[in-house]
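Q: No letters, just coordinates:
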């Protein structure tokens with residue numbers, strides 16, 4: 001925040017030099033970033049200091065707030081401004097009505113009316129304060145509002161009362177595409193949406209709540225009656241609207257950090273007093289307001305022993321009480337516990353530890369002992385992290401390269417990968433025009449990396465990435481962490497990628513875990529594709545990337561892609577395993593090639609063979625699939641291998657032959673198979 005050294009001294013007794021102010025604020029935790037000497041219009045000198053503030057100390061976004069910190073650190077006396085109620089005119093409620101329809105977003109809205117003001121240049125003392133801070137004086141009404149903003153940290157706004165329609169102020173949500181013209185040179189009309197909180201009269205919007213006033217109701221040289229707004233608004237609502245519209249203001253900056261309803265009356269009284277002093281006029285009686293009751297002052301207690309234990313410094317109970325009293329916390333010491341009443345502006349003081357921090361700041365952080373060494377015990381890695389590393393190492397060993405890509409992608413790339421029943425999730429930031437969509441899949445990111453590598457002459461590349469994917473499901477944003485794989489199709493179809501997935505699943509679930517695949521037609525970016533499952537639990541999908549999708553990324557050729565939710569299973573790592581003795585006797589393996597219908601999946605054949613419970617059968621394995629003219633259209637030749645082994649002796653072929661005969665007959669009966677070998 002830019003602050004004037006002379007302005008700060010208006011509230012300090014005795015005054016402090018710019019160097020003393022900078023030193024005290026640094027000790028309080030607010031270092032000076034830059035300093036600039038300023039020559040005022042009357043030839044006087046001032047010092048403009050840019051003070052660095054933390055985001056939770058909105059109370060210091062004012063000259064009185066900074067003076068309070070300097071007084072607390074240095075022991076000076078704080079002289080805050082005092083205002084008087086000078087109301088003489090008619091009742092304000094007979095002139096204006098306030099209707100607050102959004103008390104959650106606007107806890108309190110107040111309006112005061114001054115009639116008969118004379119708009120003109122501000123007096124020299126007011127202009128000098130604003131110029132020293134780096135602002136440009138406008139007129140006495142606007143300058144008075146800005147003065148109170150920078151003096152007390154409470155935003156206010158002045159409307160030309162004659163321009164308000166229907167003698168009414170309404171706090172409401174904007175209508176979709178409702179127009180609004182902000183105040184300021186070169187301002188252009190903006191369209192609001194139903195999430196924006198606005199101040200309106202009976203016919204139109206006159207201000208964006210907490211962000212910007214309107215040009216149509218601004219104070220001009222012809223203004224005679226003014227309405228003074230002093231209110232507080234939801235920090236989130238102010239921030240969202242301001243950022244979406246690309247509009248910023250000093251008021252918005254303060255509302256984003258929190259303004260308590262308890263601060264409103266003091267600031268409004270101060271503004272009224274200054275306006276009457278420099279612009280004349282008559283204050284109407286009463287305040288027209290609508291909102292929730294002002295919250296009671298918080299009570300926070302601190303144990304003195306706990307404070308000493310935390311900061312490691314032996315400070316007497318009475319000294320702690322005196323330090324907290326400098327911050328106007330009204331501390332009361334009772335049996336080793338200090339009870340504080342927190343002022344409205346100190347929104348950051350909520351717990352005991354907050355008061356301990358205040359004691360540490362004011363007593364001097366340089367007095368806190370620093371240990372020469374710290375004992376650190378390194379915690380064991382979490383199973384999820386161990387699993388992630390194991391999966392990455394395994395894929396690298398298989399020839400895959402890990403990528404790290406941005407979650408934002410172009411809209412055409414996202415549209416090609418949106419799952420059925422979902423819609424893309426777009427960002428509201430204007431800086432992401434080229435790539436405004438959060439990726440619904442990892443595959444478009446991998447395809448972009450593949451295209452980049454091919455453009456640079458690297459053709460044989462296998463890629464993987466573990467990252468979040470996003471989409472909208474029934475107007476609710478969803479996020480899921482997936483593992484994506486991309487590999488060239490080298491004539492083996494899905495077998496290579498499927499083999500990698502099988503291995504990864506066994507690493508997480510154990511060697512007995514099995515992945516099943518079912519044909520998939522619902523994902524248009526696969527042609528063909530398959531749904532992968534672990535038992536009855538869906539794991540993900542894999543398939544050949546559709547040619548149209550490949551062309552969208554400027555790619556040619558055939559690539560296999562997979563996207564699985566394996567990261568959700570990492571918590572099960574490492575799997576429980578049991579060591580088994582190696583077989584003591586050799587096995588007999590028999591291969592069978594059967595011509596079956598093209599639509600018959602391997603999983604169905606495996607289930608049929610397993611159901612036979614062949615004697616001494618140890619495993620039933622898939623070997624290969626062959627398609628060709630000699631097989632015939634709509635047919636395929638599937639080769640499977642049955643391994644037989646006895647635990648107590650070496651089997652003879654005569655013992656296996658009856659089991660194989662049973663298997664062959666089952667294939668013929670169940671699948672109408674023609675046995676090739």
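A: Yes, it's here. Just so it is clear, the structure is predicted and the values come from calculations on it, not from any experiment.
Q: where in the stretch 451-600 of the chain is pLDDT low?
A: For the stretch 451-600 of the chain, no stretch has pLDDT under 70.
Q: And the next helix or strand past the helix or strand hosting residue 636?
A: Take DSSP states H and E as the rule and residue 636 turns out to sit in strand 635-644. Using DSSP H and E, the helix or strand that follows strand 635-644 in sequence is helix 653-671.
Q: and that next one, what does it pack onto?
A: For helix 653-671, the packing partners by 3 or more Cβ pairs under 8 Å, 6 or more residues apart in numbering; DSSP states H and E come out as strand 588-597, helix 602-611, strand 635-644, strand 674-675. (Each C-beta comes from the backbone N, C-alpha and C, glycine too.)
Q: okay, the ones you listed in JSON lines with mean neighbour count next?
A: Listed next are those as JSON lines, based on neighbours: other Cβ atoms under 10 Å:
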{"stretch": "strand 588-597", "mean neighbour count": "17"}
{"stretch": "helix 602-611", "mean neighbour count": "15"}
{"stretch": "strand 635-644", "mean neighbour count": "18"}
{"stretch": "strand 674-675", "mean neighbour count": "14"}
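Q: wait, which of these is closest to residue 114?
A: Closest approach to residue 114 among those is made by helix 602-611 (82.8 Å; Cβ to Cβ).
Q: Just the angle for that closest one relative to helix 653-671, thanks.
A: 130 degrees (axes from the mean of the first three to the mean of the last three Cα atoms, to 10 degrees).
Q: starting at the chain centroid, how far to the next helix-or-strand element following helix 602-611?
A: Later in the chain than helix 602-611, the nearest helix or strand by DSSP H and E is strand 617-626. Its chain's average C-alpha position is 50 Å from that of strand 617-626, according to Cα atoms, centre = their mean, to the nearest Å.
Q: for stretch 71-84, same thing?
A: Centroid separation between stretch 71-84 and its chain, computed with Cα atoms, centre = their mean, is 39 Å.
Q: Can you name the residues in contact with the strand or helix carrying residue 450?
A: If you go by DSSP H and E, residue 450 is part of helix 443-455. Identification of contacts with helix 443-455 by Cβ atoms under 8 Å, 6 or more residues apart in numbering yields 403, 405-406, 409, 413-414, 416-417, 439, 459, 461, 463-465, 467, 484-486, 525, 545, 549-550, 553-555, 559, 561, 563.
Q: buried set for that helix?
A: 443-450, 453-454 (16 or more other Cβ atoms under 10 Å).
Q: Kindly report the same for stretch 505-525.
A: Residues of stretch 505-525 classed as buried by neighbour count (16+ other Cβ under 10 Å): 505, 507-509, 513, 515-517, 523, 525.
Q: Excluding chain neighbours, what is closest to the residue positioned nearest the centre of the chain?
A: The centroid of the chain falls nearest to residue 427 when counting by Cα atoms, centre = their mean (11.5 Å). Counting by Cβ to Cβ, 6 or more residues apart in numbering, residue 436 is the residue found nearest to residue 427 once chain neighbours are left out, at 5.5 Å.
Q: Quick one: end-to-end length of stretch 174-190, please.
A: When the termini of stretch 174-190 are compared using Cα to Cα, to the nearest Å, they are 12 Å apart.
Q: and what of stretch 243-259?
A: Using Cα to Cα, the two ends of stretch 243-259 sit 19 Å apart.
Q: measure the nearest residue to residue 282 once chain neighbours are set aside to residue 281 for me?
A: Of all residues not flanking residue 282 in the chain, residue 89 sits nearest, at 4.3 Å (Cβ to Cβ, 6+ apart). For residue 89, the distance to residue 281 (Cβ to Cβ, to the nearest Å) stands at 9 Å.
Q: Repeat that for residue 331.
A: Going from residue 331 to residue 281 by Cβ to Cβ gives 42 Å.
Q: who are the neighbours in contact with the residue nearest to residue 427?
A: Residue 436 neighbours (Cβ under 8 Å, 6+ apart): 408, 411, 426-427, 429.
Q: Ranking by neighbours, what's the top pick from these?
A: residue 408 (18 neighbours; other Cβ atoms under 10 Å).
Q: Go ahead and confirm that residue touches residue 426.
A: No: at 9.6 Å, residue 408 and residue 426 do not qualify as touching, with contact defined as Cβ atoms under 8 Å.
Q: Tell me the residues that contact both of these two, please.
A: Common contacts of residue 408 and residue 426 (Cβ under 8 Å, 6+ apart): 436-438.
Q: Out of those residues, which is nearest to residue 125?
A: Nearest to residue 125 among these, counting by Cβ to Cβ, is residue 436 at 50.0 Å.
Q: by contact count, what packs against the lowest-mean-pLDDT helix or strand in the chain?
A: Ranked by mean pLDDT, DSSP states H and E, the weakest helix or strand in the chain is strand 515-520, scoring a mean of 85. Secondary-structure packing of strand 515-520 (3+ Cβ pairs under 8 Å, 6+ apart): helix 495-509, strand 526-534, strand 537-545, helix 602-611.
Q: Start from the N-terminal end of the stretch 1-150 of the chain and give the helices.
A: 5-9, 18-27, 63-74, 124-133, 140-152 (DSSP state H, counting those that start in this stretch).
Q: To residue 199, which of the ones you listed lies closest?
A: Among these, the nearest to residue 199 by Cβ to Cβ is helix 140-152 (14.8 Å).
Q: for the residue nearest to residue 129 when sequence neighbours are not counted, what are its contacts?
A: Counting by Cβ to Cβ, 6+ apart, residue 129 lies nearest to residue 7, which is 5.2 Å off, once chain neighbours are set aside. The neighbours of residue 7, taking Cβ under 8 Å, 6+ apart as the test, are 46, 63, 129, 132-133, 150-151.
Q: returning to what we had before: can I get the helices of the stretch 1-150 of the chain in TSV with mean pLDDT and distance to residue 349?
A: Listed next are the helices of the stretch 1-150 of the chain as TSV, based on pLDDT from 0 to 100; distance: least, Cβ to Cβ, whole Å:
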stretch	mean pLDDT	distance to residue 349
helix 5-9	96	22
helix 18-27	95	19
helix 63-74	96	13
helix 124-133	95	27
helix 140-152	97	18
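Q: sorry, back to before: looking at it, the residue nearest to residue 282 is touching residue 276, isn't it?
A: No: the criterion here is Cβ under 8 Å, and residue 89 misses it with residue 276 at 11.1 Å.
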